[in-house]
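> everything below, folded, please.
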Amino acid sequence: MLLTSVVVYLIGTVLIGLWASRKVSSSGDFMLAGRSLPIVLSTSALFATWFGSETVFGASSQFLEGGLFAVIEDPFGASLCLLLFGLFFARKLYNMNLVTLGDYFKVRYGKRTEIIASAFMIPAYFGYIAAQLVALGLILNVVADIPVVNAIVISSVVVTLYTFIGGMWAISVTDFIQSIIIIIGLLVLAYVLANKAGGASLVLHQIPDKDLKFFPSLNGTAIVSWLAAWSVLGLGSIPSQDVFQRTMSSGSAKIAVRSCYYAAILYLTVAMLPLFISLCVKQLYGGEIGLDTQLTLPNMVLRHTSIPVQIMFFGSLLSAVMSTTSSSILAPASLFSENVIKPLMKKPPGDKQLLMITRLSVVFFSIAATVMACLNSNIYELVGVSSILSLVSLFIPMVFGMYWKRSSSAGAILAMIAGMAAWFWFERYPLSVPALVPATLISMIAFLIGSYSLPDKELYGKN
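Numbering: from 1, shown residues only. Predicted coordinates:
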């Protein structure tokens with residue numbers, strides 16, 4: 001009954017996506033929904049950026065193991081990213097009328113930097129897509145008792161087909177519907193489990209003090225590590241095609257900015273539900289929780305809720321993760337076609353040709369991420385690494401390029417290379433602080449050296 005209902009639910013979701021895809025008649029429609037989303041669709045699309053595997057599975061799992069201190073990265077850092085993007089980036093980028101974030105580097109620094117920046121952005125998505133595929137595999141494993149690896153492959157085939165056919169319009173419409181259902185599903189689940197655990201007040205009262213620790217100890221290493229946790233998604237996802245793509249799909253600059261604010265508040269609020277649910281589970285079962293805490297939440301749904309609640313939860317969750325997966329595949333595919341393949345072609349491709357290149361890129365990135373998902377099943381770790389790669393290589397060139405006119409293409413390229421190289425070095429030879437901290441500092445130093453030593457002849461918007 002549950003499996004049949006979930007399949008029917010998914011078919012309905014795909015049909016909605018196919019209906020919305022009729023609005024796709026150009027590469028601009030496919031990548032940015034024609035820059036026409038109203039505030040409701042824009043907000044739900046941004047809310048859905050991370051609200052999937054890492055929030056429901058990854059964060060709840062981390063919270064069970066380490067309390068609030070273990071989930072600074074997500075949901076707190078993720079909400080910070082949306083807030084900062086709305087405050088400092090959304091309006092400026094929207095008014096530049098760009099298709100991809102790689103286009104920003106082209107306008108600001110030139111074509112060579114565009115290709116290099118895109119080449120640095122694209123690898124960060126492999127881990128992120130893999131995390132979503134792992135989540136889909138876990139869901140199918142619980143619902144249908146399919147081995148996780150087999151479920152990952154099945155999920156990859158389904159979501160690749162959906163992404164290949166649809167585009168940002170389809171993703172945005174389904175995000176809106178799925179966001180409503182997943183919120184209702186989590187609220188119902190929280191209510192049911194809280195009652196079984198003795199009430200919400202009892203559950204909250206039983207939280208150990210160590211699990212409520214939010215601020216670091218008063219020593220330098222702890223403070224730096226705490227700030228680094230905020231920075232993984234909070235800063236690392238700012239130079240992200242996924243966030244850029246969802247924001248730039250808005251109908252106006254005003255909508256783009258406001259949707260960032262609304263989505264930040266909504267995300268942080270709703271993301272508390274999986275954490276509360278995990279507390280209920282801990283209260284009910286204590287030491288009986290299995291070794292893979294990522295499976296705790298779905299298992300509790302099966303054990304403690306009625307069939308209608310199970311159908312709502314698994315159907316909406318599966319669809320939400322599918323939507324997140326679809327957009328995370330579309331992001332690097334857009335970058336690859338628009339900012340790597342297109343500049344390297346002797347003759348600029350027509351719009352239909354560019355659309356087909358983007359769709360074929362979707363297939364390539366999906367296959368690569370599927371392999372990665374089968375090799376690493378830790379969702380929180382996969383998401384974290386993907387954001388760190390963007391932080392250490394792209395954050396400094398993007399921010400300084402937008403707010404410092406002396407920024408040069410030489411500085412940007414040097415910052416990307418030095419930051420990434422430093423991160424790999426400090427991952428292999430670690431310090432007492434996370435590798436992203438010295439790597440980001442080195443990226444900034446390299447940027448300043450390059451910009452002062454080899455300045456561009458023309459200023460912002462002219463080179």
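> T174 versus W404, what's the distance?
Separation of W404 from T174 (Cβ to Cβ, to the nearest Å): 40 Å. Yep, even glycine has a C-beta here, placed from its N, CA and C like the rest.
> pick out whichever of the two has more residues nearby.
Using other Cβ atoms under 10 Å as the criterion, W404 and T174 rank with T174 on top: 27 against 14.
> so who does the more buried one touch?
Contact partners of T174, counting by Cβ atoms under 8 Å, 6 or more residues apart in numbering, are T13, I16, G17, A20, S319, S323.
> give the buried residues for the strand or helix carrying it.
Using DSSP states H and E, the secondary-structure element containing T174 is helix 168-196. In terms of neighbour count (16 or more other Cβ atoms under 10 Å), helix 168-196 has its buried residues at 168-179, 181-183, 185-186, 188-190, 192-194, 196.
> kindly report the same for stretch 223-239.
224-229, 231-239.
> any regions of the stretch 151-300 of the chain where pLDDT drops low?
Of all residues in the stretch 151-300 of the chain, those with pLDDT under 70 make up the ranges 286-297.
> please apply the same query to the stretch 1-150 of the chain.
Low-confidence segments of the stretch 1-150 of the chain (pLDDT under 70): 52-54, 57-58.
> 90 - rerun?
Confidence mapping of the stretch 1-150 of the chain against pLDDT under 90 gives the ranges 1-34, 36, 45, 48-71, 73-75, 119-150.
> run through the neighbouring helices and strands of the helix or strand encompassing S60.
Here S60 sits within helix 60-66, counting by DSSP H and E. For helix 60-66, the contact count by 3 or more Cβ pairs under 8 Å, 6 or more residues apart in numbering; DSSP states H and E identifies helix 272-285, helix 296-304, helix 379-403 as packing neighbours.
> centre-most residue in this structure?
W50 (4.4 Å; Cα atoms, centre = their mean).
> report the contact partners of that one.
D74, P75, A78, L233, Y267, T324, V383.
> okay, it and G220: tell me how far apart.
W50 is 30 Å from G220, by Cβ to Cβ.
> for D145, same thing?
Counting by Cβ to Cβ, the separation of D145 from G220 is 49 Å.
> and for V107?
40 Å.
> quick revisit: and the helix holding S60, how far out from the chain middle?
Relative to the centre of its chain, helix 60-66 is centred 19 Å away, using Cα atoms, centre = their mean, to the nearest Å.
> packing partners of the helix or strand that it is followed by?
Scanning forward in sequence from helix 60-66 by DSSP H and E, the next helix or strand is helix 78-88. Contact partners of helix 78-88 among helices and strands, from 3+ Cβ pairs under 8 Å, 6+ apart: helix 220-234, helix 241-248, helix 253-270.
> distance check, F313 against W19.
25 Å.
> surely Q283 touches H205?
No - counting by Cβ atoms under 8 Å, Q283 stays clear of H205, with 9.9 Å between them.
> neighbour count: those two, which is higher?
Comparing Q283 with H205 by other Cβ under 10 Å, the one with more neighbours is Q283, at 19 against 10.
> separation between the nearest residue to the more buried one once chain neighbours are set aside and W423?
In this structure, Q283 finds its nearest non-sequential neighbour in A197, 4.2 Å apart by Cβ to Cβ, 6 or more residues apart in numbering. Distance of A197 to W423, computed by Cβ to Cβ: 42 Å.
> looking at those two, which is more packed in?
W423 (24 against 20).
> how about the secondary structure of the residue of the chain most remote from its centre?
Note on the chain: the largest C-alpha distance from the chain mean falls to K457, namely 36.6 Å (Cα atoms, centre = their mean). Secondary structure, DSSP: H, G, I helix; E, B strand; the rest coil: K457 is coil.
> show me what contacts S451?
Applying Cβ under 8 Å, 6+ apart to S451 gives the contacts F400, W404, R406, S407, S408, A410, G411.
> which residues sit in contact with the fourth one?
Read it as S407. Applying Cβ under 8 Å, 6+ apart, the residues contacting S407 are R108, Y109, P397, F400, G401, F447, S451, D456, Y460.
> quick check, the fourth one in contact with F447.
Looking back up the chat, that one is F400. Yes - using Cβ under 8 Å, F400 is in contact with F447, at 6.0 Å.
> which residues are in contact with both of these two?
S407, G411.
> same drill for those two, tell me which one is more crowded.
Between F400 and F447, counted using other Cβ under 10 Å, the more crowded position is F447 (27 against 21).
> among the helices and strands packed on helix 60-66, which comes closest to P349?
P349 lies closest, by Cβ to Cβ, to one member of the helices and strands packed on helix 60-66: helix 379-403, at 25.6 Å.
> average pLDDT across that closest one?
In this model, helix 379-403 has a mean pLDDT of 82.
> count of residues packed around K342?
19.
> also C260?
With other Cβ under 10 Å as criterion, C260 counts 26.
> repeat that for N150.
Count around N150 with other Cβ under 10 Å applied: 14.
> so for F313 and W19, which sits in the more crowded spot?
F313 (26 against 14).
> just to revisit the earlier point, higher neighbour count, V107 and G220?
Set V107 next to G220 and count neighbours by other Cβ under 10 Å: V107 wins out with 16 against 11.
> which SSE is that one in?
helix 101-109.
> which residues are in contact with that helix?
Contacts for helix 101-109 (Cβ under 8 Å, 6+ apart): 93, 96, 98, 113-114, 117-118, 121, 239-241, 244-245, 335, 338-340, 343, 397-398, 401-402, 407-409, 412-413, 456, 460-461, 463.
> rerun at 7 Å
93, 96, 98, 113-114, 117-118, 121, 239, 241, 244, 335, 338-339, 401, 409, 412, 460-461, 463 (Cβ atoms under 7 Å, 6 or more residues apart in numbering).
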